[in-house]
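Asks: sharing a sequence plus its predicted fold:
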Amino acid sequence: MGNIEIARTLESYAALLDLAGAGYYTVRAYRRAAELVRETRAPVAELVRTGRVRELRGIGPGIERRLQELVTTGKLEELEELEREVEPALVALARFVGLSSQRLVTVGKELGIRTADELREAAAAGRLQEVKGIGPSTEAKILAGLTREQHTARRGLLLNRARALAEAIAAEVDGIVAGEVRRWRDVVYELAIVTSTPPDLESSRLLVAVVEPGVAITVEGIPVTITVAEPGAFGTALLRATGSSAYVASLGDLPAAATEEEVYARLGLPYVPPELREAPLERDPPPLVEVADIRGDLHAHTTWSDGKASVAEMAAAAIERGYEYLAICDHTPNVRVVPGLDADALRRQAEEIAEVNARVAPFRVLRGTECDIRRDGELDLPDDILDELDWVQLSLHAGQREDEVRLTRKVCEAMRHPAVRCLSHPKGRIINHRPPNALNLEAVIQVALETGVAIETNGLPDRLDLRDEEVRLCVEAGVPIVCSTDAHSVRGLGNMQMCIATARRGWATAADVLNTRPLDEILRT
């Protein structure tokens, strides 16, 4: 059993656990395990057989037992039980039409409904009202929801989850990912795939119900549109399936062409990167920042705080990515929910960093901190230790619900400290769990211009903060952006791609991003 198959099974198990009402952290653990397995170069099945799978950070005893069962028997018994109990197709349809899962499962059981077509036919015939609790308005809602253009908005997927799912579906149908995922939207509500081969959607392991020809849904209720294109018009279909409807409409009639580049050329237009195909453009885009432009990551954690890797391990991973430097920015004590480093701990960590630097030169591990802003507005470390550090990153964890005036005043005052170099994830959002705070970003930008403090766009998939529109505000104002991963593991350094995509959506060039610059400029700035 290969890594891809193991990862897909873990993904399916996580999705069914979610449907069955399992805890958020349990579901997240299995999804992260699926991502880890997918990205691991070594054959995970062999690691399981030799008892070494827990060497992969993030694999605990519970997940190890599931992997042992999967590798030994080729299946997960609990997964099969969940498939029988949860009715994933009906739950997915419920999420798609905006109905409670329990209600639609009851409808399915009482009326013998298992597919979207059967549900549509029953609703059109008025049969759903035979089920207690289903009236004319609910029946009409279900019928409207099954219409592609009128389905109810759902809670979206995080970008990393959506990308993994879209890429897996694309692999099943021998296609290319398009739509919101290819545009790197921070939250994804629907998936799109373009292929030249008509797919058999009924046999997919990832699509649980077909809503209409060419449109299926995942177990989360996310619609997936699959476009079949002739080779000579593949580029046209890909462009149409990638851009928002408003962007595509702004281009007028699209000529048939095999590649997107040919389409733009025949329209007499410059090629537009997918990230900027969200709305009609007012001007030609500049050369956007690329992952290859990044010289270092300025926000990473280690086992000194809540990270999963040592300083040496994080440095080695950064070197492997071709970086010149890496800033270790572990938390300070005020965060409380995780270990934090005070001045003494930071000086002890400095000894370890010096030892690592002696081995990895000319690569440089920077002494840094993610210094918390306390409720009283003071920084969480004394001035003498802040003055010793190479990189001081400012963060706000407590007080996210404070009013705009108090929150903005506190952050702006903290930014004026002479040791501060960057403000981290300023809006404090956790996608799908916590809305952005009330921080006045325009006021923060003005202070950044006065002080030279950069503003971070954070690469954690559930943050992506600053978001695209906020990046553009900074770019247009001339405030430098830092693209950082906030990595808590070696694998977390890979989130730079999402961070860069967010910056690109905000029209950032390499010149706008501070960590495209060499180390001497970082230290001199």
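Replies: Good, I have the coordinates.
Asks: elements contacting the longest strand along the chain?
Replies: Longest strand in the chain, counting residues (DSSP state E): strand 364-372. Counting contacts by 3 or more Cβ pairs under 8 Å, 6 or more residues apart in numbering; DSSP states H and E, strand 364-372 packs against strand 296-300, helix 311-320, strand 325-328, helix 343-360, helix 383-388, strand 391-395. All C-beta atoms are positioned from the backbone trio N, CA, C, and that covers glycine.
Asks: make CSV out of the ones you listed and add distance to residue 242.
Replies: CSV is the format used below for the helices and strands packed on strand 364-372 (distance: least, Cβ to Cβ, whole Å):
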stretch, distance to residue 242
strand 296-300, 29
helix 311-320, 31
strand 325-328, 34
helix 343-360, 41
helix 383-388, 46
strand 391-395, 35
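Asks: just checking, next helix/strand downstream of the helix or strand residue 38 falls within?
Replies: Counting by DSSP states H and E, the element that carries residue 38 is helix 24-39. From helix 24-39 onward toward the C-terminus, using DSSP H and E, the following helix or strand is helix 44-49.
Asks: and that next one, what's buried?
Replies: 44, 45, 47, 48 (16 or more other Cβ atoms under 10 Å).
Asks: dump those to TSV, plus pLDDT and distance to residue 405.
Replies: Conversion of the buried residues of helix 44-49 to TSV gives the following (pLDDT from 0 to 100; distance: Cβ to Cβ, whole Å):
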residue	pLDDT	distance to residue 405
44	94	52
45	94	57
47	93	54
48	93	55
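Asks: now the two most distant members of the residues you listed.
Replies: 45 and 47 (7.3 Å; Cβ to Cβ).
Asks: which residues touch stretch 258-267?
Replies: For stretch 258-267, the external contacting residues (Cβ atoms under 8 Å, 6 or more residues apart in numbering) are 231-236, 238-239, 242, 251-252, 254-255, 257, 270-272.
Asks: switch to 10 Å and redo it
Replies: Residues from elsewhere that reach stretch 258-267 (Cβ atoms under 10 Å, 6 or more residues apart in numbering): 229-240, 242-243, 251-257, 269-272, 274.
Asks: give me the buried subset of the residues you listed.
Replies: Buried members of these, scored by 16+ other Cβ under 10 Å, are 229, 233-240, 242-243, 251, 254, 257, 272, 274.
Asks: ok, so of those, who is nearest residue 53?
Replies: For the buried ones among the contacts of stretch 258-267, the nearest to residue 53 is residue 274 (36.4 Å; Cβ to Cβ).
Asks: would you confirm that that closest one contacts residue 182?
Replies: Yes. The criterion here is Cβ atoms under 10 Å, and residue 274 meets it with residue 182 at 4.7 Å.
Asks: output stretch 227-234 as PDB, restricted to C-alpha atoms.
Replies: Output of stretch 227-234 as PDB, limited to C-alpha atoms (Å, rounded to 0.1, in the frame of the first residue of the first chain):
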ATOM      1  CA  THR A 227     -15.100  20.100 -17.300                       C
ATOM      2  CA  VAL A 228     -14.200  17.800 -20.200                       C
ATOM      3  CA  ALA A 229     -12.300  19.700 -22.900                       C
ATOM      4  CA  GLU A 230     -11.000  18.800 -26.400                       C
ATOM      5  CA  PRO A 231      -7.200  19.100 -26.600                       C
ATOM      6  CA  GLY A 232      -7.400  22.000 -29.000                       C
ATOM      7  CA  ALA A 233      -9.600  24.000 -26.600                       C
ATOM      8  CA  PHE A 234      -8.100  22.800 -23.300                       C
END
